[in-house]
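>>> using only what follows, build the 3D model:
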Amino acid sequence: MAVPKCKVSKSKGRSRVANWKAAAPTLVECPNCHEKKMAHSVCENCGYYDGEKKALVKADKKKETK
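Just a heads-up that it's a prediction; the model follows:
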């Protein structure tokens, strides 16, 4: 098991941990409805992906049940 050779100060450890950041997801515009969506995924607003209807959206499901 690895054992540290000497003590790491609080400032040294905390400055190293301070660089762990979560990146914001990349958002692109949907070519069909022009809403923001995550890249390479089905649009949550209209259900289109790569120019084709791929998924049912909440509004579509309500129309089907009526």
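>>> where along this structure do the strands fall?
For the chain, applying DSSP state E gives strands covering 27-29, 36-38, 48-49, 52-53.
>>> out of the ones you listed, which is the most enclosed?
Mean neighbour counts were taken over the strands of the chain using mean count of other Cβ atoms under 10 Å, and the top value, a mean of 17, falls to strand 48-49. Glycine gets a C-beta too; all of them are placed from N, C-alpha and C.
>>> quick check: the most centrally placed residue in the chain vs residue 51, distance?
Closest to where the C-alpha atoms of the chain average out (Cα atoms, centre = their mean) is residue 25, at 4.3 Å. As judged by Cβ to Cβ, to the nearest Å, residue 25 and residue 51 stand 22 Å apart.
>>> just the CA coordinates for stretch 43-58, please, in PDB.
Taking Å, rounded to 0.1, in the frame of the first residue of the first chain, the C-alpha atoms of stretch 43-58 are listed here in PDB:
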ATOM      1  CA  CYS A  43     -35.100  16.400 -28.800                       C
ATOM      2  CA  GLU A  44     -37.300  16.400 -25.600                       C
ATOM      3  CA  ASN A  45     -39.500  19.100 -27.100                       C
ATOM      4  CA  CYS A  46     -40.400  17.600 -30.500                       C
ATOM      5  CA  GLY A  47     -39.000  14.000 -30.400                       C
ATOM      6  CA  TYR A  48     -37.000  14.400 -33.600                       C
ATOM      7  CA  TYR A  49     -33.400  13.100 -34.100                       C
ATOM      8  CA  ASP A  50     -31.500  13.400 -37.400                       C
ATOM      9  CA  GLY A  51     -34.500  14.700 -39.300                       C
ATOM     10  CA  GLU A  52     -36.800  11.700 -38.300                       C
ATOM     11  CA  LYS A  53     -39.500  11.300 -35.600                       C
ATOM     12  CA  LYS A  54     -37.800   8.900 -33.100                       C
ATOM     13  CA  ALA A  55     -39.700   9.300 -29.800                       C
ATOM     14  CA  LEU A  56     -43.100  10.200 -28.400                       C
ATOM     15  CA  VAL A  57     -43.300  13.400 -26.500                       C
ATOM     16  CA  LYS A  58     -45.600  14.200 -23.600                       C
END
